[in-house]
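Chemist: need a 3D model of the sequence below.
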Amino acid sequence: MICKPTALCEMRGQGVVANVPHYFELRPQGDLANTVECFWAMRQREKSVVLHRVVPDGCADIIFTRNPNSTALVAVGAMTRFEEFELPPGQFTVGVRFHPGMWTGHLKVKGNEITDQALPLENLWGARAQNLMDRLNNANTPDECMNLLACELPSISRPTAIQRAFICMREWHGQVSLDDVANQCGLSTRQFRRACLEQTGLSPKFLARVLRFRNALAKVTSQAGEHAGLAAECGYFDQSHFIAEFRYFSGRTPGRYSLAAV
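Modeler: This next block holds a predicted model:
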C-alpha cells in the first residue's frame, strides 16, 4: 500500500490555510483497486473548530465520523461544487473513496440520486450499516477502521464496458472525445449520457470537466510559481478559461490556491 498526502483537501483554522496535516491515504491492493481509489483517515487536533474545504473529484465516499459528541456513517455522492465543513476539536474521520462510476454496486443506489448529498449509510444498507457502525465505534486505530471498511466491499475483477469508459476518461484526465467513448461502449451518445448519470451522478461533459480540473489542481499544488503554461497542458482553451474553471470548482484562482496550500 502507498501512503501519500492529498491535494484535494485543505483545512483552515486560526487564520491559517494549509494542507491537512493529520491526513493520510492507503491505496488498496488486488482486485479492490478496480473500484476503490483509496482508504483515508483524518484527525482534527486543533483546539478550535476549523473549516475543511473539499473540492469535486468525481468520486463517491463512505465516511465514518467520530467526535466527542456524536458519530455518523454516511454515503457521500459526487460533488458539483466545492464545499466547506466545520470540524470540531478531536474529530476523527475515516473513509473509503471510490473511483468515478465504480461505486453504485457497492452503495446500491444510482449515482444521480445522491449527487451533492450525504445520506446515512443505514438508508442504503439497513442493518448491515448499523452492524458496521458498531464495529467502527469500537475500533481503536485508523488501520482497524480501514480494514473494517475493506471487508465490507466485494472485489470486482472485470469492469463492465461502461466502467472501462470511465477508466479511460480518468486516465486521460477528461481530455477525450465523448462520442468516441460512447461508441467504444456500443452506446449512442444519449445512452452513454444516461448511463453516466446513473453510475457517476454527473453527465459525461461535467465529469470530463471535473477530471480535467482534478489534473490541473494536482499540477498547481505540485508546481510553485507561474501557472500560465498549465492551461494548454491541461486542455483548457486559454488562461481565462483555466482560471474560470479553477475558481468554479475550488473557489480560488490557481495562484491563490497554491499559496493557500503552502
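
Chemist: longest helix anywhere in this structure?
Modeler: In the chain, taking DSSP state H as the definition, the longest helix is helix 204-222.

Chemist: buried set for that one?
Modeler: Residues of helix 204-222 classed as buried by neighbour count (16 or more other Cβ atoms under 10 Å): 204, 206-217, 219-221. Yep, even glycine has a C-beta here, placed from its N, CA and C like the rest.

Chemist: list just the nearest of these to residue 115.
Modeler: Nearest to residue 115, judged by Cβ to Cβ, of the buried residues of helix 204-222 is residue 206 at 9.9 Å.

Chemist: hang on, that closest one packs against residue 78?
Modeler: No - using Cβ atoms under 8 Å, residue 206 is not in contact with residue 78; the gap is 9.2 Å.

Chemist: pull out the buried positions in the helix or strand following the longest helix of the chain.
Modeler: As assigned by DSSP states H and E, the chain's next helix or strand after helix 204-222 is helix 230-233. Using 16+ other Cβ under 10 Å as the test for burial, helix 230-233 gives 230, 231.

Chemist: where does residue 41 land in three-state SS?
Modeler: At residue 41 the chain is in strand, as set by DSSP: H, G, I helix; E, B strand; the rest coil.

Chemist: use 33 as the first number from now on
Modeler: With 33 as the first residue, the last one maps to residue 73.

Chemist: show me what contacts it?
Modeler: Listed by Cβ atoms under 8 Å, 6 or more residues apart in numbering, the contact partners of residue 73 are 55, 56, 124, 125, 126, 127, 174, 177, 178.

Chemist: identify the bridge partners of it.
Modeler: Note on residue 73: beta-bridge partners residue 56, residue 126, judged by DSSP bridges.
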